[in-house]
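Colleague: fold the stuff below for me.
(one chain, ligands or ions: 1)
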Amino acid sequence: MSFFKTGFEDYENELLKQDQDQLNAQNKPFTFRVQVNETKEVIILDDTGFRYYEHAFYNQITKQGISITCKDGLGGEECLLCKSQIKPAPILVSTIKDMSGYMDNMGQRKGVGNRLLFKVKRTAAKRLYNERIKIAERRANDLWTKQTEACKAKGCNSVEDVKTQLLKKGGLLKYAKMRISRYGEKSENCGDDFSFVDYVRPEFFKPEDVPFNYEKEFAPLSNQQIIYDLKAFFGNDFPPNLAGLLGSVQAGPIQNGSGIDFQSRTGSVLGTQTHEAPSLSDDDLPF
Ligand SMILES: [Zn+2]
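Modeller: Okay, the predicted model is just below:
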C-alpha cells in the first residue's frame with residue numbers, strides 16, 4: 001500500500017471521516033450505558049424531570065449511535081426527520097455520577113466517578129418512575145418511624161401523609177444511589193431494572209458534580225447541520241430510508257456537532273468501585 005492516493009472519488013469521504021474524528025474528540029458528555037446482564041452503581045445528581053424528543057440512529061458498522069433533537073412543532077424550520085416519517089422518542093434526562101466505570105481494552109477500570117448523561121426512555125422511564133414512588137414509600141416509613149413527632153409537627157398524621165409530602169416536594173432521585181441492571185437484549189441502553197440503594201450525603205460531592213446544561217446539550221440543530229452530522233456519522237453506509245434527506249438541504253460547514261454516543265465501553269463488575277459514598281442520615285426532615 002502506498003502513502004499516497006490519486007483521484008477524487010473518495011476525497012469527500014476522507015474529509016467526512018476527518019470531521020467525524022473531530023466531532024468525536026469534542027468535549028461532549030458521554031451517555032451512561034449498561035451492557036446486557038451487567039449491573040452498575042450510579043448516583044443521580046438531579047431530579048428535575050427534564051424531557052424532550054429525539055431521533056436516534058445506530059451505525060451497525062461503527063457500533064455507534066447518534067441522537068438528534070426533534071424540533072417538530074417548535075416553529076422555525078420543520079423537523080426534516082419527522083417529515084421523513086422517522087418517529088422521535090420522548091427522553092427523560094438526568095445526570096449521574098458513575099460509581100462502577102468501565103473496563104478499557106487493556107483490562108483497566110476507567111471512568112469511576114465520571115459524570116454522564118442518563119437518558120431514559122419508554123419502558124425504562126416507567127420503571128424509574130415506579131422506583132421513585134417506592135423510594136417515597138420507603139423514606140416515608142423511615143421518617144414516620146424515627147421522627148413521628150417531627151412529622152406531626154409538620155402536619156403529617158400518617159405514613160401516607162409523609163409520602164404525599166415527599167412526592168409533592170420532589171427531588172426524590174437527587175443524590176440517590178441506584179443499582180442499575182440490564183437483562184433484555186432489546187431493552188434500552190440505560191438499563192431496565194432500577195433499584196434504590198440509599199441516599200448519599202451532600203458532602204460527598206465535589207463542586208463539579210453538578211447536572212449538565214441540558215438546554216445547551218440538546219439544543220436543536222439547523223437542518224443543514226443535521227444532514228452534515230448524519231453524513232459524517234454514516235459515511236458510506238447512509239441508510240436507504242434516509243437517502244431522500246441528502247438532496248433536501250445543501251450540506252454546509254460544521255458549526256457544532258450533535259452528541260455522538262459511544263458504544264465502545266465494555267462491561268464492568270460491581271464490588272470494585274473505589275469511591276465509598278456515605279449514606280444520608282434522617283436528621284432533618286426533607287420537607
Ligand atoms: Zn422530528
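Colleague: find the nearest non-adjacent residue to the residue of the stretch 101-250 of the chain found nearest the ion, please.
Modeller: Proximity to the ion, evaluated over the stretch 101-250 of the chain using C-beta to the ion, is greatest for residue 220 at 9.2 Å. C-beta here means a position set from N, CA and C on the backbone, and glycine is covered the same way. Distances taken as C-beta to C-beta, 6 or more residues apart in numbering place residue 71 nearest to residue 220, at 3.9 Å, with adjacent residues excluded.
Colleague: residue 214 now?
Modeller: Nearest-residue entry for residue 214: residue 50, 4.9 Å, with adjacent residues in sequence omitted and distances by C-beta to C-beta, 6+ apart.
Colleague: gap between the one you found and residue 18?
Modeller: Look at residue 50 and residue 18: by C-beta to C-beta, to the nearest Å, they are 33 Å apart.
Colleague: what about the two, which has more around it?
Modeller: Higher neighbour count among residue 50 and residue 18: residue 50, with 16 against 11, using other C-beta atoms under 10 Å.
Colleague: and the stretch 1-150 of the chain, which residues reach the ion?
Modeller: Contact residues, the stretch 1-150 of the chain versus the ion (C-beta under 5 Å from the ion): 70, 72, 79, 81, 82, 88.
Colleague: which ones are touching the third one?
Modeller: Under the criterion of C-beta atoms under 8 Å, 6 or more residues apart in numbering, the contact list for residue 79 reads 70, 71, 72, 88.
Colleague: could you dump these to CSV with neighbour count, pLDDT and secondary structure?
Modeller: Below are the contacts of residue 79 laid out as CSV (neighbours: other C-beta atoms under 10 Å; pLDDT from 0 to 100; DSSP: H, G, I helix; E, B strand; the rest coil):
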residue, neighbour count, pLDDT, secondary structure
70, 22, 96, coil
71, 23, 94, coil
72, 14, 93, coil
88, 19, 95, coil
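Colleague: tell me which of those residues is nearest to the ion?
Modeller: Distances from the ion to the contacts of residue 79, taken by C-beta to the ion, are shortest for residue 70, at 3.2 Å.
Colleague: for the chain, what's the longest helix?
Modeller: In the chain, assigned by DSSP state H, the helix with the most residues is helix 122-146.
Colleague: so which elements touch that helix?
Modeller: In terms of contacts (3 or more C-beta pairs under 8 Å, 6 or more residues apart in numbering; DSSP states H and E), helix 122-146 is packed against strand 89-98, helix 159-169, strand 193-199.
Colleague: highest mean neighbour count out of these?
Modeller: strand 89-98 (a mean of 21; mean count of other C-beta atoms under 10 Å).
Colleague: sounds good, over and out.
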